[in-house]
Structure formats: structure tokens, C-alpha cells
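Peer 1: Build me a structure from this.
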Amino acid sequence: MNTIHLVRHGRVENPAGVIYGRLPGFNLSDLGRLQAEAAAERLSSRDVGAIWSSPLERAQETAQAIAAPHGLDIVTDDRLIESGTTLEGIGRSVMAFARSPRALWGLRNPWRPSWGESFKEIRDRMVPAISEAIASVPGREVVIVSHQTPVIVARLSLARSRVPPWMGFTPCATGSVTTLAIEDEKVVSASYFAPVVNP
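Peer 2: The predicted model follows:
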């Protein structure tokens, strides 16, 4: 039995409301830090042997909060990074997209997706990273801190689900923890925690 905790980083300080993707300099907001602390509290009593994280600031800050009660160092792995997108720096509003023909063209095929890294590419980097994290601490639980799409793709891939990740049926709120118990390469149980915090 292997237990994996897939954590999405806390909410980001993003006053301009842009799609930040892999852009540097996007840190946790005050609410995001509270969400990270709530995730850390949720995992504080678990037998966590390793914490692996995306290199981006928001994921590192979330991982640091989770690592503190366990006295663990964070393993930074580029394979856990946010999904690649051509939409970085564009505002999230309808008007922002209307002013950018490049952005509209990027949305032409949600199955691929045409705006950036494919779901298969995300799966092909996330799943091996998770497997290595598990192998690094046999018999203990692992925490993987990443981003919305990579977390959803990893969860669906580990569960061998064919549901397209973009359909939005898989919950993945900021600061959330999705816990999967895997036995004989099959998910035998799953739970989901989304922090409710008052800033």
C-alpha cells in the first residue's frame, strides 16, 4: 500500500488577474498562506517521509509549510511544474482574450489542449516523478506539491480514468489535498480536503 497526497499550492497574489503559468514572481497571497497552513495541519499527523515540489515560488512556499511539522527537506523536481501554456501574461477576462487573437486561436482544441502542453505530456512527467518519490521512502507516505492541471492529470492517471481533465469534474481548489491509497497499482481509496479559512 502506498499513500500519496497531491497538494495544489495555496492562492496566489495576482492583483492584475493574469494567467501566470510558469512566470516567476507569483507568490502566495495572505489567503494562500492560510490555505498552505491548513494543508500542513491536515498532514501534520501523517507518516510523511518525503515532500516533493514544483520549483515555482507558490508551490515551494506551500511545501515549506507542510514540511515544517515533519522536519523534512523539500525535494524540488522540475517535472512537477505548472503546465506549459502560450497564454502566460494574458488577462483572464473576456475582453483580454478578445484583444489577443493569439489567445483565441490557442483555445481552438480543448482535447489537445491547443494552448500549450498536452495532457499526455503532463502525465508522462508527473507519474514517473510520483513513482520516484514513492520509491525514495518505502513504506511511508509522500506529499507532491504541484499545480491545478498537473494535480488533476496525475490523479486521473493514477486512477486510470479516461475523463478529459478539462471537463472540470475533478475538484482541485487552491490549498487542497487529494489523498490516494494505491495497492497493486490500483487506487483503492481516495479522499479530498479543501481548506476553509477566514483571512
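
Peer 1: strands paired with the host helix or strand of Val75, and their directions?
Peer 2: Secondary structure here is read from DSSP states H and E; on that basis Val75 sits in strand 74-76. Its sheet considered, strand 74-76 pairs with strand 48-53 (parallel) by DSSP bridges.

Peer 1: residues touching the nearest residue to Glu57 once chain neighbours are set aside, list them.
Peer 2: Closest residue in space to Glu57, ignoring its immediate chain neighbours: Asn27 at 5.0 Å, by CB to CB, 6 or more residues apart in numbering. C-beta coordinates here come from the backbone N, C-alpha and C atoms, glycine included. The contact partners of Asn27, taken as CB atoms under 8 Å, 6 or more residues apart in numbering, are 12-13, 57-58, 61.

Peer 1: thinking again about what came up before, so what's the gap between the strand holding Val75 and the chain middle?
Peer 2: Using CA atoms, centre = their mean, to the nearest Å, the mean C-alpha position of strand 74-76 is found 14 Å from that of the whole chain.

Peer 1: so for it, what's the average pLDDT?
Peer 2: Regarding strand 74-76, the rounded mean pLDDT is 98.

Peer 1: How about stretch 131-147?
Peer 2: On average, stretch 131-147 scores 97.

Peer 1: Quote the end-to-end distance of it.
Peer 2: 18 Å (CA to CA, to the nearest Å).

Peer 1: Am I right that Arg157 sits in a helix?
Peer 2: No, residue 157 isn't Arg; it's Ser. Yes - when classified by DSSP: H, G, I helix; E, B strand; the rest coil, Ser157 is found to be part of a helix.

Peer 1: ok, now how distant is it from Arg123?
Peer 2: Noted for Ser157: a distance of 5 Å to Arg123, by CB to CB, to the nearest Å.

Peer 1: Could you check the pLDDT of the residue of the chain most remote from its centre?
Peer 2: No residue in the chain has its C-alpha farther from the mean C-alpha position than Arg99, which lies at 29.3 Å (CA atoms, centre = their mean). In the prediction, the pLDDT value recorded for Arg99 is 70.
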